[in-house]
Structures are given as structure tokens and as C-alpha cells.
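In: Give me a 3D structure for the following:
(one chain, ligands or ions: 1)
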Amino acid sequence: MTDYKTLGVRPVINAFATVTKYGGSLMPPEVIAAMNEAAGAFVDLQQLQRAVGEVIAELTGNEAAYVTSGAAAGIVLAAAASVLHKNPDALKRFPDLGAFNNEAIIFRSQRNPYDYSIKQTGLTYIEIEGASAALRAAITARTACALWFPRGERDEEDITLAEVIAIANERDIPVIVDAAAQLPPVENLWRFTEMGASLALFSGGKDLRGPQSSGLMLGRRDFIESIRPISNPNHGLGRPFKVGKEEMMGALAAVERYLKLDHAARERYCEETTRMFCAALNPLPGVRAERAFPNEAGQPLPRCRVMVDPGVLGKSAADLVTDFLRHEPAIAVAPDSDTSFFLNPMTLNPGEELIVRDACLKLLSAP
Ligand SMILES: *Cc1c(COP(=O)(O)O)cnc(C)c1O
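Out: You can find the predicted model right below:
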């Protein structure tokens, strides 16, 4: 069988994060087993999507759940649902939404490459500052939804999600949360929707460690019902975001596993690994390492920030990022600035932290 090696594609140790660029995450055996089993028989896909959704909804304390082909696809479908819940006529009209409520409110400080998914639906952005008055002024008869992207501790600078939901509720405007990378903590599976968000979208292939091409849409039943007619295997806007029986069963197994996971033990591993990296690297000339918390997605897990003096080491942090990838075995670290990068323990397999440490000792030694 042709494998990665035969193809000349080198496996990478992931000390970066659950980034899609390197495959997101690794599926644990129970997820692979569920996918394997699902691959062995034909089923009615719509029946399966409903049944899996019922169980995921129950497990996560949500009214309804739907397996998507990823959080980005989930944002497209959630945006569509926000139009459909007031205009069932829009069903076959995407992305030509001129005749409908076609505006999505989005906060300037939360802009990110994934909000393009909203536009794909045919909605236009109304970009505003993060203040209550700006939100109240932006809501009109044309508003379809407000999009919220949690940014961890930086949310403090802005209007809060609770305030957004309160204001949006007064005007019957759904709030959609892009929670793609908001696991851990596991409680986020119900927190955003309990707060009153209409839908929250999660990646199945990040910390959940489900199939890489899966995601969860959690929240209001009427919204989720509204997108079924345009989603796989039906035709329309959602048809390209195909979710197979294997992904559905894999996503379910991943949720079941995640809810039972010893999250405290996992946090301890990340803390201990971060401490170990700092202790190993700090004695090196021209290198300083420290614990950074929370991580870039606002997840409550530590990483190690490594700051380097190019004057001493003779190379920049960017050079080092490349050196790590060329190292045998290849290691992906998270780029940060000209003089720093991160080592993230959250995607390491136990034991790999020692390989990463040894690579650091080799590559960060002054010439
Ligand atoms: C990863 C990510 C996405 C995309 O998720 P996929 O499951 O890969 O489609 C969307 N939004 C944010 C903020 C993300 O971090």
C-alpha cells in the first residue's frame, strides 16, 4: 500500500496547535473504530444525521445538533439558517439574497479569515465597533444575524457576548458563535447556547479529535431543521459540504470520548511539559523560555514561548521554524515574531515532548 513514506511526504510532530495545515489532530482508536464500523454498511444518511444529532444534542445539553463538514461549513449553514428562519422562501435563492434580510453584523475586532463563510451565503457584512450603542444602531429590518468570535481574554476589551445576546434578543436577531477552536473547556459545548446564542459551531477535527473534515452545529432545533432541505444529500447551498456516514459516527464517538476525558490530567501534562521545556531551554545562551497562558485560541492550556536573540544564535525565529521542519523527525512549532516562537504541548503524543526538547537543544545552541 502506498503510504506517506512512499509518497515522500514526511510525518510531522505537531508542537504548533490543532492547525488544519498539519492535519488538525489525530483521531483516537475509538473514533477510528466508529468510522471503520460505519464504513461497513449502507444506511439512510438523513436518518443517520437525525439519530446522531439527537444523541449529540442530549449529551451536550443542546436542543438540537447537526454534524457538519467543519466549523467553516457550519458558519455558512448557520448564516443560511438565520435567513431561512424568517424567510423560508430563500431556500433555493442563495446566494442571491437581495430580497431578504441579508445583513450580518460582525465586530471589527473579531474579524478573521473564517468570517468569509458568512459572505459565501450571500449575506453582506455590517462591520461595527464593539459597543452596545453601535450594535443597537446597526440592527435594522435587514439584519439576519450577528456573528460572535470568542477571542479568549481579549474579549474583556469589548462588548461581551452576554450583552450582544441581550440586545439581539430584544429584536429577535439570532447570534451565531464561531466556537471552532473553543474546546477545551468542554463546558463550551453547552455554554454559548445556554447563554442564548442560536447556534454554536465547533470543529470536529481540532481538540475533539473527531474526523478532520467534521464539525458540530449545536443549538436551536428550528434553525437546524431549516437547513436540512439544502444540505447533503439534498441539493442546494449546503450540498458541497458533504458529511459521510463515517464522519457522522466518528464525530459522535469523539463527543462521547471528550465528555469522559480526564481533562485535569491532560492539563497537568501540558503544564509539566511547558515547565520541562522552560527548564531545558533557559540555560542556553541567547534563549529565554516562559509559560504563556492561555493559548492563542483562548483555550485554558499553557504553551511555552521561546524568545531567541538572533545576535547570539546567528538565526531568527523564522529560520528556526524552518530548521524544526527540516529536522529529522520534522517538528512544526508555532511562529510568533522575528525573535520568538511557541512550543505547544496540546497536540503532542506522550513521549514526543522529549524529541522536541532534544531538537531544541540541538537547534538553539549558539554556533
Ligand atoms: C479552525 C477555525 C475555523 C474552521 O474550522 P474547520 O473545522 O477547519 O472548518 C473557523 N473559525 C475559527 C476561529 C477557527 O479557528
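In: and the stretch 201-350 of the chain, which of its residues are near the ligand?
Out: Ser203, Gly205, Gly215 (C-beta under 6 Å from any ligand atom). (Each C-beta comes from the backbone N, C-alpha and C, glycine too.)
In: please redo it, this time with the cut-off set to 8 Å
Out: Leu201, Phe202, Ser203, Gly204, Gly205, Lys206, Gln212, Ser214, Gly215, Ala297 (C-beta under 8 Å from any ligand atom).
In: wait, which of those is closest to the ligand?
Out: Nearest to the ligand among these, counting by C-beta to the nearest ligand atom, is Ser203 at 3.2 Å.
In: Mind checking if the strand or helix carrying Ile176 is in reach of the ligand?
Out: According to DSSP states H and E, Ile176 maps onto strand 175-178. Yes. Counting by C-beta under 8 Å from any ligand atom, the ligand has neighbours in strand 175-178: Asp178.
In: Could you point out the helix or strand that follows that strand?
Out: helix 188-195.
In: Which residues are in contact with Trp148?
Out: Phe107, Gln110, Leu161, Val164, Val175, Ile176, Val177, Asp178, Ala197 (C-beta atoms under 8 Å, 6 or more residues apart in numbering).
In: circling back: now do the strand holding Ile176, average pLDDT.
Out: Averaging pLDDT along strand 175-178 yields 98.
In: how about the helices in this structure?
Out: 4-7, 29-38, 45-60, 71-84, 116-120, 132-138, 161-170, 188-195, 221-227, 245-260, 263-281, 310-313, 317-326, 352-363 (DSSP state H).
In: export the contacts of Trp148 to a markdown table and tack on neighbour count?
Out: Converted to a markdown table, these look like this (neighbours: other C-beta atoms under 10 Å):
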| residue | neighbour count |
| --- | --- |
| Phe107 | 22 |
| Gln110 | 18 |
| Leu161 | 20 |
| Val164 | 25 |
| Val175 | 26 |
| Ile176 | 28 |
| Val177 | 29 |
| Asp178 | 27 |
| Ala197 | 25 |
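In: Which one of these is nearest to the ligand?
Out: The closest of the contacts of Trp148, once distances to the ligand are taken by C-beta to the nearest ligand atom, is Asp178, at 4.8 Å.
In: what is that closest one paired to in the beta sheet?
Out: Leu201 (DSSP bridges).
In: My understanding was that Asp309 contacts Gly286; is that so?
Out: Yes. With contact defined as C-beta atoms under 8 Å, Asp309 reaches Gly286; the gap is 3.9 Å.
In: From the recorded domain assignment, give the ranges for this protein.
Out: In terms of domains, the chain is parsed into 27-260, 262-363 (source: automatic domain parsing).
In: Quick one: the ones you listed as JSON lines, columns for distance to Ala17 too.
Out: Shown next, in JSON lines, are those (distance: least, C-beta to C-beta, whole Å):
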{"stretch": "domain 27-260", "distance to Ala17": "8"}
{"stretch": "domain 262-363", "distance to Ala17": "5"}
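In: Nearest to Lys5, out of the ones you listed?
Out: Among these, domain 262-363 comes nearest to Lys5, with 11.9 Å by C-beta to C-beta.
In: what's the spacing between Thr274 and Pro184?
Out: Distance, Thr274 to Pro184, using C-beta to C-beta, to the nearest Å: 15 Å.
In: Pick out whichever of those two has more residues nearby.
Out: Counted by other C-beta atoms under 10 Å, Thr274 and Pro184 do not tie: Thr274 has more neighbours, with 24 against 19.
In: mind listing what the more buried one touches?
Out: So Thr274 contacts Arg291, Pro302, Arg303, Cys304, Leu343, Pro345 (C-beta under 8 Å, 6+ apart).
In: can you count the residues close to Tyr258?
Out: Neighbour count of Tyr258, defined by other C-beta under 10 Å: 20.
In: For the stretch 201-350 of the chain, which residues score under the pLDDT cut-off?
Out: In the predicted model, the stretch 201-350 of the chain carries no residue with pLDDT under 70.
In: how near is Ala38 to Gln47?
Out: For Ala38, the distance to Gln47 (C-beta to C-beta) stands at 13 Å.
In: likewise Val76?
Out: 24 Å.
In: These two: which has the busier surroundings?
Out: Val76 (27 against 9).
In: Just to check, Ala141 is in contact with Asn102?
Out: No. At 11.0 Å, Ala141 does not count as touching Asn102 under the criterion of C-beta under 8 Å.
In: between the two, which one's more packed in?
Out: Taking other C-beta under 10 Å, Ala141 and Asn102 do not tie; Asn102 has more neighbours (21 against 7).
In: who's in contact with the closest residue to the more buried one other than its chain neighbours?
Out: Excluding its sequence neighbours, the residue lying closest to Asn102 (C-beta to C-beta, 6 or more residues apart in numbering) is Leu123, at 5.3 Å. Going by C-beta under 8 Å, 6+ apart, Leu123 touches Ala79, Val83, Leu97, Asn102, Glu103, Ala104, Ala144, Cys145.
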